[in-house]
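Peer 1: Show me how the following folds:
(2 chains)
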Amino acid sequence: MDEITLLSQAQRGDLDAFNRLVLAYQDQLFNIAFRILGDEDLAADATQEAFLHAFQKITTFRSGSLRGWLIRIVTNLCYDELRRQKRRPQTALEPLTAEGDEVESPSWMSDSRPSPEASLEQKELEHALEHCLQALPLPFRAIVVLADIEGLDYSEIAVALRIPLGTVKSRLARARMRLRECLQQFQELLPSIFRHA
Amino acid sequence: MKTKDLELISSYLDGELPPEQISRLEQRIQADPELRAALEALQQTRALLRRMPRRRVPRNFTLSPRQVAKRPPLPRFYLSLQWSTALTVLLLVFSLGLRLISPPAASPVAQEAAPALRAAQAEMTEQPLTVMALPPEGTSTPEAALPSIMALPQETPQAKDVPPSLAETAMPAGEEPMPSEYTTPVESTSPLRFIWVGLGILILLQISLLFGLRWWSAYQWRKRS
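Peer 2: Numbering: from 1, shown residues only, chains lettered A, B, ... in the order given. Here you go, the predicted structure:
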């Protein structure tokens, strides 16, 4: 069944039709939320909330890209979550020593499974990228995630984030350059062809 | 490097540059090593990002009827109603704020009537008795009708001197008369006051409708599932 039919059934209150749309988009929405928030649990909550919100407001969706509309909802929820975190910073869960100092790498946090070197390097590279992504200001991060990780084109990003096309272009260019500068710290992790550019 | 050039290169990389700019930029890239280096840097960064592995969803995010029952789908015009309520509230706040910032100047009618009113007040303060003015025959305005309720059964000669349009209760002797701007009928008939009341009623109606629609949607959803 095509998306338009499922959408119109969902707009008449058919939950099964809506759930088929959920299955089609959940992977993308979860990955966007994860890359913006940098936390799997928070990303799962944001994705679930986005679908609930979408179902409640499904009758207000008239035309355009359903994917763009869903991405807009999840991105806004991620923004809300990050604003909430900024207002109420969380305390670190690291255990304390007898003197009251934080234990930086407690044994219960380490992964005991043996991992091959290549996989480890890949993981470290991913962490480095993740670190640099999280260091970007929020509007820049969202654009990089949508353009470079999710592969949306400029007009889709403009619709999803409700910003002009010119802003998409300029923010994406600056975000990529900032990422590049940040990644210079992790030269040894980058694949060889990226090292001396 | 100029931000503009960086934008051009980034758009070029994504194939989002207008065709007429492509050949011009390609010529510049060939001639300028700085532009070439920037293009390579952006290209590599983008390639790295595209290689980032995708996360698998930890669970399915499909909705159950129980989850939805708490927040069922709302009618199409619910959102418009929300916006119009917000707009009405803004309008009310704006008009009240405007009134607070700039109190209205007395209208020409009030200015003309002011000396007569003051004279009447001065005269009345001299009277030991409470004097009420009677509206003229056939007056139908509310401000003119009001004193007729309060008027004394026996009309005093002094009351006739008071212009009927400025009728008001007289004060006991020795009491300070109220400033004329608070007692002029212009104030009580101000159209702004009617607008405020109207907006207030409209807001109440809209809010009731919003709550009603939510309740109705939840009821319909429960009935269906």
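Peer 1: Could you check how many residues crowd around residue 25?
Peer 2: If you meant another chain, say so; for now it's chain A. Using other Cβ atoms under 10 Å in any protein chain shown, residue A:25 is surrounded by 20 other residues. (Glycine included, C-beta is placed from N, CA and C.)
Peer 1: try chain B instead
Peer 2: By the criterion of other Cβ under 10 Å, residue B:25 has 17 neighbours.
Peer 1: Go ahead and confirm it touches residue B:6.
Peer 2: No - between residue B:25 and residue B:6 there is no contact under Cβ atoms under 8 Å: 11.9 Å.
Peer 1: where are the low-confidence patches of the chain?
Peer 2: Let's take chain A. Along chain A, the parts satisfying pLDDT under 70 run over A:89-119, A:188-197.
Peer 1: Actually, chain B is the one I wanted.
Peer 2: B:1, B:103-189, B:224-225.
Peer 1: hmm, 80 instead?
Peer 2: B:1, B:69-77, B:79, B:98-192, B:217-225 (pLDDT under 80).
Peer 1: Against chain A - does the one helix or strand residue B:47 maps to have any residue that ends up touching it?
Peer 2: Using DSSP states H and E, residue B:47 falls within helix B:33-50. Yes - using Cβ under 8 Å from any Cβ of the partner chain, helix B:33-50 reaches chain A at B:37-38, B:40-42, B:44-50.
Peer 1: Just name the closest of the residues you listed to residue B:11, please.
Peer 2: residue B:42 (10.3 Å; Cβ to Cβ).
Peer 1: mind listing what the closest one touches?
Peer 2: Contacts for residue B:42 (Cβ atoms under 8 Å, 6 or more residues apart in numbering or on different chains) come out as A:173, A:176-177, A:180, B:6, B:9-10, B:13.
Peer 1: Skipping adjacent residues, who's closest to it in space?
Peer 2: Counting by Cβ to Cβ, 6 or more residues apart in numbering or on different chains, residue B:42 lies nearest to residue A:176, which is 5.0 Å off, once chain neighbours are set aside.
Peer 1: Pull out the buried positions in the host helix or strand of that neighbour.
Peer 2: Following DSSP H and E, one finds residue A:176 within helix A:165-183. The neighbour-count check on helix A:165-183 (16 or more other Cβ atoms under 10 Å in any protein chain shown) flags A:168-180, A:182-183 as buried.
Peer 1: quick check: angle from it to helix B:33-50?
Peer 2: 90 degrees (axes from the mean of the first three to the mean of the last three Cα atoms, to 10 degrees).
Peer 1: name the helices or strands packed onto helix A:165-183?
Peer 2: Under the contact criterion of 3 or more Cβ pairs under 8 Å, 6 or more residues apart in numbering or on different chains; DSSP states H and E, helix A:165-183 touches helix A:117-135, helix A:138-144, helix A:154-161, helix B:3-13, helix B:33-50.
Peer 1: Nearest to residue A:33, out of those helices?
Peer 2: helix A:138-144 (10.6 Å).
Peer 1: So for chain A, the centremost residue is which one?
Peer 2: Centroid-nearest residue in chain A, with Cα atoms, centre = their mean: residue A:35, separated by 2.6 Å.
Peer 1: got the contact list for that residue?
Peer 2: Residue A:35 touches A:133, A:141, A:145, A:149, B:52, counting by Cβ under 8 Å, 6+ apart.
Peer 1: Return a PyMOL selection command for the buried portion of the residues you listed.
Peer 2: To isolate the buried members of those in PyMOL, using 16+ other Cβ under 10 Å:
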select buried, (chain A and resi 133+141+145+149) or (chain B and resi 52)
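Peer 1: ok, the contacts of residue A:35 vs residue A:88, which is closest?
Peer 2: residue A:141 (20.5 Å).
Peer 1: In contact with that closest one: list those residues for me.
Peer 2: For residue A:141, the contact set (Cβ under 8 Å, 6+ apart) comprises A:35-36, A:133-134, A:175.
Peer 1: what does residue A:158 give?
Peer 2: Taking Cβ under 8 Å, 6+ apart, we find residue A:158 in contact with A:164-165, A:167-168.
Peer 1: Residue B:61: what secondary structure?
Peer 2: With DSSP: H, G, I helix; E, B strand; the rest coil as the basis, residue B:61 sits in coil.
Peer 1: Tell me, how many residues neighbour it?
Peer 2: A total of 21 residues lie near residue B:61 under the criterion other Cβ under 10 Å.
Peer 1: counting residues per helix, which one in chain B is longest?
Peer 2: If you go by DSSP state H, chain B has its longest helix at helix B:191-224.
Peer 1: Against which helices or strands is it packed?
Peer 2: helix B:65-70, helix B:78-101.
Peer 1: Can you mark which positions in that helix are buried?
Peer 2: B:196, B:199, B:202-203, B:206, B:213, B:217, B:221.
Peer 1: Let's see if you can find the most crowded of the residues of helix B:33-50 next to chain A.
Peer 2: residue B:45 (27 neighbours).
Peer 1: Verify the stated contact: that residue with residue A:182.
Peer 2: No - counting by Cβ under 8 Å, residue B:45 sits too far from residue A:182 to count as a contact (9.6 Å).
Peer 1: quick revisit: just send the contacts of residue B:42 back as TSV, with distance to residue A:11 too.
Peer 2: Shown next, in TSV, are these (distance: Cβ to Cβ, whole Å):
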residue	distance to residue A:11
A:173	39
A:176	39
A:177	43
A:180	44
B:6	43
B:9	43
B:10	38
B:13	39
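Peer 1: between those residues, which is nearest residue B:64?
Peer 2: Relative to residue B:64, and with distances defined as Cβ to Cβ, the nearest of the contacts of residue B:42 is residue A:176, at 41.3 Å.
Peer 1: what separates the closest one from residue B:9, distance-wise?
Peer 2: In this view, residue A:176 and residue B:9 are 9 Å apart by Cβ to Cβ, to the nearest Å.
Peer 1: Same question for residue B:74.
Peer 2: Shown here: residue B:74 relative to residue B:9, a distance of 46 Å by Cβ to Cβ.
Peer 1: do residue A:60 as well
Peer 2: 39 Å.
Peer 1: quick one, which of these two is more surrounded?
Peer 2: Of the pair residue A:60 and residue B:9, residue B:9 is the one with more neighbours under other Cβ under 10 Å, namely 26 against 18.
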